[in-house]
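**Student:** Task: produce atomic coordinates for the following.
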Amino acid sequence: MRKPAYLSLLILPALLFSSCAVHNGLISNREAHRNNQEIQKANSDAIAGYTPYTSLTYIDKFKTIAVQEMNLYGIPASITLAQGLFESGSGNGELARVANNHFGIKCNSEWKGKGYYKDDDEHNDCFRVYDRPEDSFRDHSEFLKRPRYAKLFMLDKNDYVGWANGLKDAGYATNPNYPKLLINIIQKYNLDQYDRPETDTQKIKREDRVLTQINDNTITAAKDSVTRDTSRVNNLYQGNKQYTVVQGDTLYSISKRFGLTVDELKGLNNLSDNSIKIGQKLTVVK
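**Tutor:** Reported below is the predicted structural model:
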């Protein structure tokens with residue numbers, strides 16, 4: 001999950017230290033150091049009062065919010081906790097202590113908040129700064145609401161093995177051992193005790209809600225860039241014309257997801273009844 005940040009060269013220098021909308025490499029070492037000092041000063045009370053975590057106290061502190069995020073989005077609580085433990089060094093890493101960033105999420109063109117600079121994939125990589133650790137957990141969930149992670153939200157919300165492997169396959173991490181690392185953490189600390197199964201009906205409703213949000217975000221982003229890249233928008237809509245049926249899908253759930261009625265969906269695909277099968281491709285755009 002390493003996303004470089006971008007900056008228009010027209011942005012006034014005075015904004016350089018209030019936002020991390022800066023392309024890596026466009027900020028000098030001096031500017032990065034000054035920026036980080038300002039972040040440290042703003043968070044000086046929290047830094048001074050910081051108490052180191054153990055892995056167990058970290059889990060106890062953040063298990064409730066991980067369950068809340070799971071219930072909202074369907075990301076297994078065990079996955080969220082394992083990623084937090086791994087990415088933040090059980091909450092003791094510099095980013096977690098100074099920037100309340102527990103997942104190593106970097107700035108990008110969407111991020112309008114403050115940034116903290118550290119060497120990572122590149123020199124002076126920009127990482128997001130949060131007011132509270134809880135904000136980092138919420139942004140982690142929101143960060144995953146991207147098209148490349150959409151398939152993961154079709155998994156059961158207690159399928160931590162599927163999520164661990166899916167995150168790697170979707171490009172969340174470059175480390176080939178990332179799934180194994182997460183699974184080992186989950187099993188070592190019995191984190192799957194916080195995961196919860198869901199009924200087929202609950203799964204369909206949750207899927208529809210989250211996948212609709214992902215679709216809406218994608219379309220909004222495309223519309224925002226239409227004047228800059230019309231062909232990209234056309235390709236986006238072209239790619240969304242068909243949907244492949246997965247386990248748990250119904251004509252109703254698919255029609256709702258793509259803003260159609262059941263009759264419209266049946267008409268587009270010349271279906272005589274409501275029967276569909278896994279792997280079947282359905283046209284979902286009029």
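
**Student:** For residue 129, give me its contacts.
**Tutor:** Shown in contact with residue 129 (CB atoms under 8 Å, 6 or more residues apart in numbering): 20, 39, 99, 100, 101, 113, 114, 115, 116. C-betas here are computed from N, CA, C, even on glycine.

**Student:** So which of those are in strands?
**Tutor:** Cross-referencing the contacts of residue 129 against strands under DSSP state E gives 115, 116.

**Student:** Looking at the contacts of residue 129, spot the one nearest residue 51.
**Tutor:** residue 100 (14.6 Å; CB to CB).

**Student:** Can you check the pLDDT for residue 235?
**Tutor:** On pLDDT, residue 235 comes in at 36.

**Student:** coming back round to it: using CSV, lay out the contacts of residue 129 together with distance to residue 201, neighbour count and pLDDT.
**Tutor:** Below are the contacts of residue 129 laid out as CSV (distance: CB to CB, whole Å; neighbours: other CB atoms under 10 Å; pLDDT from 0 to 100):
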residue, distance to residue 201, neighbour count, pLDDT
20, 42, 25, 45
39, 46, 18, 96
99, 40, 24, 97
100, 37, 22, 97
101, 36, 27, 97
113, 38, 15, 94
114, 42, 21, 95
115, 42, 28, 96
116, 43, 24, 97
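
**Student:** and the two most separated of the contacts of residue 129?
**Tutor:** The span of the contacts of residue 129, defined through CB to CB, is set by 20 and 100 at 14.0 Å.

**Student:** Between the contacts of residue 129, which sits nearest residue 175?
**Tutor:** Out of the contacts of residue 129, the member with the shortest distance to residue 175 (by CB to CB) is residue 101, at 18.8 Å.

**Student:** tell me the contacts of that closest one?
**Tutor:** Going by CB under 8 Å, 6+ apart, residue 101 touches 88, 95, 116, 127, 128, 129, 130, 136.

**Student:** Buried ones among the residues you listed?
**Tutor:** Neighbour-count burial (16 or more other CB atoms under 10 Å) applied to the contacts of residue 101 gives 88, 95, 116, 127, 128, 129, 130, 136.

**Student:** tell me which residues form a beta bridge with residue 106?
**Tutor:** residue 127 (DSSP bridges).

**Student:** low-scoring pLDDT stretches of the stretch 101-250 of the chain, where are they?
**Tutor:** Applying pLDDT under 70 to the stretch 101-250 of the chain picks out residues 218-240, 247-248.

**Student:** What segments of it are helices?
**Tutor:** 133-143, 160-169, 178-188, 200-224, 230-239 (DSSP state H, counting those that start in this stretch).

**Student:** Which one, of the ones you listed, ends up nearest to residue 261?
**Tutor:** Shortest separation from residue 261 across those is recorded for helix 200-224, at 14.7 Å, computed as CB to CB.

**Student:** Let me know the angle separating that closest one from helix 133-143.
**Tutor:** Here helix 200-224 points in a direction 80 degrees away from that of helix 133-143 (axes from the mean of the first three to the mean of the last three CA atoms, to 10 degrees).

**Student:** Determine the set of other helices and strands touching helix 200-224.
**Tutor:** helix 230-239, helix 251-257 (3 or more CB pairs under 8 Å, 6 or more residues apart in numbering; DSSP states H and E).

**Student:** Tell me the gap between it and the middle of its chain.
**Tutor:** 13 Å (CA atoms, centre = their mean, to the nearest Å).

**Student:** May I have the helix or strand containing residue 263 as PDB, with CA atoms only?
**Tutor:** Taking DSSP states H and E as the criterion, residue 263 maps to helix 262-268. Provided in PDB are the C-alpha atoms of helix 262-268 (Å, rounded to 0.1, in the frame of the first residue of the first chain):
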ATOM      1  CA  VAL A 262     -35.000  -7.100 -12.300                       C
ATOM      2  CA  ASP A 263     -37.100  -7.000 -15.500                       C
ATOM      3  CA  GLU A 264     -34.600  -4.600 -17.100                       C
ATOM      4  CA  LEU A 265     -31.700  -7.000 -16.200                       C
ATOM      5  CA  LYS A 266     -33.600 -10.000 -17.600                       C
ATOM      6  CA  GLY A 267     -34.400  -8.100 -20.800                       C
ATOM      7  CA  LEU A 268     -30.800  -7.100 -21.300                       C
END
